[in-house]
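**Student:** Got a predicted structure plus its sequence, pasted below:
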Amino acid sequence: MSMNIYELKKFRDKHYIFADRWDAGLTLASMIRSIYGQIKDGIVLAIPSGGVPVGMKVSETLGLSFDLAIVRKLQIPGNPEAGFGAITLDGSVFINEPLLAELNLSQAQIEKEKKRVQDELTVRNSLFREGRPFPSLKGKSVIIVDDGIASGYTMLASVYMAKEQTALKTIVAVPTAPMRSIEKIGSKVDAVFCPNIRTAPYFAVAEAYQHWYDLSQEEVLELL
């Protein structure tokens, strides 16, 4: 495994590790501090919705500023839990080409989903961030946080966005993920922190948590 990937060996292939997302964020913060110490010029970017409480706990514990990475997966028609790529607020698109080839979607279906998600991102930016200008990432250590990674394309889109803004360091911090996605992301960032890496063919983010549910927009707004 790459030297820039950090896990907790005692959690490898385990289930129901964390009490909740806040507990997971505390674990991540402790791991990051053990490697980087006190980060002086850093920012935590959480991916809504599930990444918000995780990211808030990381930023609070490490004493870093906090904001949101407005990015969203492109859903497979008829299967809202699965995605064939991701798109950022600025319209950058990342497609899982091997999967897309298997899905046999028409170009019209692909474009329709892109338009739907782009519209949703605009609404989310207005709702969650109140349309504020995005903070400059130039020269900063950027920690991108979610509550877990499945295919990894949503995270890759966020990583690309940080690199485009010439972040000094790009760090990914997620409580749980499959090994295949961690290795894919690890080659593109300065470090990946993932305490609960799993190697089985089947993977579900929810299985890392004792208490897990989909956060509503209202709950995210209340947290923010």
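**Tutor:** Arrived safely.
**Student:** Domain boundaries for this structure, per the record?
**Tutor:** The chain breaks down by automatic domain parsing into domains covering 5-70+132-223, 73-127.
**Student:** hey, least reliable of those by pLDDT?
**Tutor:** Per-stretch mean pLDDT for the domains of the chain is lowest at domain 73-127 (a mean of 84).
**Student:** Which single strand of this protein contains the most residues?
**Tutor:** When the chain is scanned for its longest strand (criterion: DSSP state E), the result is strand 79-88.
**Student:** Could you give me the buried positions within the helix or strand following that strand?
**Tutor:** Along the chain past strand 79-88, the next helix or strand (assigned with DSSP states H and E) turns out to be strand 93-95. Across strand 93-95, burial judged by 16 or more other C-beta atoms under 10 Å covers residue 94. Every residue, glycine included, has its C-beta placed from N, CA and C.
**Student:** Same question for stretch 216-224.
**Tutor:** Per 16+ other C-beta under 10 Å, stretch 216-224 contains these buried residues: residue 220.
**Student:** who's in contact with it?
**Tutor:** With C-beta atoms under 8 Å, 6 or more residues apart in numbering as the test, stretch 216-224 has contacts from 48-49, 52-53, 56, 127-128.
**Student:** most packed of the domains of the chain?
**Tutor:** The highest mean neighbour count among those belongs to domain 5-70+132-223 (a mean of 19), with neighbours defined as mean count of other C-beta atoms under 10 Å.
**Student:** which stretches of this protein form strands?
**Tutor:** With strands called from DSSP E, the chain shows them at 5-6, 42-46, 65-68, 71-76, 79-88, 93-95, 141-145, 169-173, 176-178, 191-193, 196-198.
**Student:** possible to save those strands as a markdown table with distance to residue 21?
**Tutor:** Converted to a markdown table, these look like this (distance: least, C-beta to C-beta, whole Å):
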| stretch | distance to residue 21 |
| --- | --- |
| strand 5-6 | 19 |
| strand 42-46 | 10 |
| strand 65-68 | 14 |
| strand 71-76 | 18 |
| strand 79-88 | 18 |
| strand 93-95 | 25 |
| strand 141-145 | 10 |
| strand 169-173 | 12 |
| strand 176-178 | 11 |
| strand 191-193 | 15 |
| strand 196-198 | 13 |
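**Student:** Mind giving me the packing neighbours of the longest helix along the chain?
**Tutor:** Among the segments of the chain that qualify as a helix by DSSP state H, the longest is helix 107-128. Using 3 or more C-beta pairs under 8 Å, 6 or more residues apart in numbering; DSSP states H and E as the contact criterion, the secondary-structure elements in contact with helix 107-128 are strand 71-76, strand 79-88, helix 217-223.
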